[in-house]
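Enquirer: Sequence and predicted structure are below.
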Amino acid sequence: MASVEFDSVTRDFGSGRPAVDQLSLDITDGEFLVLVGPSGCGKSTSLRMLAGLEPIQSGRVLIDGVDVSGRALKSRDVAMVFQNYALYPNMTVAQNMGFALRNAGMSKGDTATAVDEAARMLELTDVLGRKPSALSGGQRQRVAMGRAIVRRPKVFCMDEPLSNLDAKLRVSTRAQIASLQRRLETTTVYVTHDQVEAMTMGDRVAVLRDGVLQQVAPPRQLYLDPDNAFVAGFMGSPAMNLLDDVVVTEGAATLGGLALHAPSAVATSSVTVGVRPESWELTSPSTDTLDCRIDLVEELGAEQFVHCTPLDRAVGVRGGKVVVRIDHRRSVAVGDRIGLQVPDADTSYWFD
Ligand code: ATP
């Protein structure tokens, strides 16, 4: 086990702005830290710099307090799990899992013991004699995990390890990986663009945008107390509704007929107001509601996502639609005119 520290780490590929810009981040011993953000935000590059697959131009990476910035991958004691699994096609599952141990000089007997133990943990015992081509996608993914586990590294680095699995398998595998990590207590840095994976797996989540760290916090805190509109809009599905260029006068903002009281900290006259889909109350249109017309209703079984357009053109919603999450028992239809309220003022977010 080990702590990891990114200390003002930068990587610039010369494209105008750095892929990773002065990243500073402390990861504690045994923690599961997720790096999340949209495509191209610098997640993989950050992970690769930790693993020693990418040079660091300035700043340092420390593992257990030791500066490993100049060291090769081999001497960092980290194990990487890749998106494409990178299994050796001509080797059996057992050989794939034991390869690094044999290479490092471990005896055949000890290697077999380590492989058997990891195979039991990952429910791979029955397929140890098979080649990767004779495995399902989920099994291949677990072999890739097994290869990392047998080495008992200080740090696991995982780069989108679930992205080749179908949606259902991804959900069950993410729970397996998270619980396995809790059992092994190995410090883990996990890269994903999927905010649901980030929320469900991480002890803490670090949100990156354009190479710059936006916020790092436990999932619940990111969701309830985002530092800026980017984090607010990125975490949560469906995304938070962001209403731009809202004018604040005398401590209140009006959205159509709906008046929202601004928190006292709001000092500017033009703000972005955020309301999560579950924080709206859907009612009949009235003088004190934000009136909308329903364009689309997505039925999800237990709940429905209602996409609607404000009738007041002055209300600017990012993405053009307000999304409201309601119970499946409510009866709504495309074309309906509805009114929206925010019954609990604490559930609105204000960004300047
Ligand atoms: P994705 O989710 O799409 O994998 P990411 O967040 O992992 O994205 P990176 O792969 O770290 O992003 O890339 C960050 C930026 O650096 C991108 O703009 C990318 O085009 C650029 N980049 C990455 N590797 C190289 C390289 N070897 N040469 C030039 N530019 C690169």
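Expert: Received the coordinates, thanks. Numbers count the residues shown, from 1 in each chain.
Enquirer: What ranges does the stretch 51-200 of the chain have for its helices?
Expert: For the stretch 51-200 of the chain, the helices defined by DSSP state H, counting those that start in this stretch cover 93-103, 108-121, 137-149, 167-184, 195-201.
Enquirer: which other helices and strands contact the helix or strand that the last one is followed by?
Expert: Stepping forward along the backbone from helix 195-201, the first helix or strand reached (DSSP states H and E) is strand 204-209. The elements that strand 204-209 packs onto, with contact taken as 3 or more CB pairs under 8 Å, 6 or more residues apart in numbering; DSSP states H and E, are strand 32-36, strand 212-217, helix 219-224, helix 229-234. Where you see a C-beta, it was placed from the backbone N, CA and C, and this is true even at glycine.
Enquirer: got the residues of the stretch 101-250 of the chain near the ligand?
Expert: Within the stretch 101-250 of the chain, the residues that sit near the ligand (CB under 6 Å from any ligand atom) are residue 193.
Enquirer: By proximity to the ligand, which residue of the stretch 101-250 of the chain wins?
Expert: Residue of the stretch 101-250 of the chain nearest the ligand, by CB to the nearest ligand atom: residue 193 (4.6 Å).
Enquirer: What about that residue, how many residues nearby?
Expert: Other residues lying near residue 193 total 18 when counted by other CB atoms under 10 Å.
Enquirer: So for it, what's the pLDDT?
Expert: Residue 193 carries a pLDDT value of 94.
Enquirer: Same check on residue 16?
Expert: For residue 16, the pLDDT comes out at 88.
Enquirer: What values do phi and psi take at it?
Expert: phi 120, psi -50 (degrees, to the nearest 10).
Enquirer: Domain boundaries for the protein, per the record?
Expert: Following automatic domain parsing, the chain resolves into domains at 4-229, 238-351.
Enquirer: Could you look over those domains and pick the most buried one?
Expert: Ranked by mean neighbour count, these are led by domain 4-229 with a mean of 18 (mean count of other CB atoms under 10 Å).
Enquirer: how far does that one stretch from start to finish?
Expert: Domain 4-229 has an end-to-end distance of 28 Å (CA to CA, to the nearest Å).
Enquirer: How far does it sit from its chain's centre?
Expert: 13 Å (CA atoms, centre = their mean, to the nearest Å).
Enquirer: Can you name the residues bridging to residue 259?
Expert: residue 254 (DSSP bridges).
Enquirer: hang on, it packs against residue 290?
Expert: No: Residue 259 lies out of contact with residue 290 (CB atoms under 8 Å); the separation is 10.0 Å.
Enquirer: List the contacts of the residue nearest the centre of the chain.
Expert: Closest residue to the average C-alpha location of the chain: residue 198 at 3.0 Å, with CA atoms, centre = their mean. By CB atoms under 8 Å, 6 or more residues apart in numbering, the residues touching residue 198 are 34, 36, 192, 205, 219, 235.
Enquirer: so who does residue 106 touch?
Expert: residue 114.
Enquirer: What are the phi and psi values at it?
Expert: Residue torsions, per degrees, to the nearest 10, at residue 106 are phi -70, psi 150.
Enquirer: Next one: residue 297 relative to the ligand, how far apart?
Expert: Distance, residue 297 to the ligand, using CB to the nearest ligand atom, to the nearest Å: 31 Å.
Enquirer: Using the three-state scheme, assign that residue.
Expert: strand (DSSP: H, G, I helix; E, B strand; the rest coil).
Enquirer: Would you check how far apart it and residue 173 are?
Expert: According to CB to CB, to the nearest Å, residue 297 and residue 173 sit 31 Å apart.
Enquirer: Most proximal residue of the stretch 251-352 of the chain with respect to the ligand?
Expert: Residue of the stretch 251-352 of the chain nearest the ligand, by CB to the nearest ligand atom: residue 319 (20.9 Å).
Enquirer: That residue: which element?
Expert: Residue-wise, residue 319 maps onto no helix or strand under DSSP H and E.
Enquirer: Retrieve the pLDDT associated with it.
Expert: Reported pLDDT for residue 319: 89.
Enquirer: same question, residue 1
Expert: For residue 1, the model assigns a pLDDT of 67.
Enquirer: Does residue 52 touch residue 79 like I think?
Expert: No: here residue 52 does not reach residue 79: they are 11.6 Å apart, not a contact under CB under 8 Å.
Enquirer: nearest to residue 158, of the helices and strands packed on strand 204-209?
Expert: Among the helices and strands packed on strand 204-209, strand 32-36 comes nearest to residue 158, with 9.3 Å by CB to CB.
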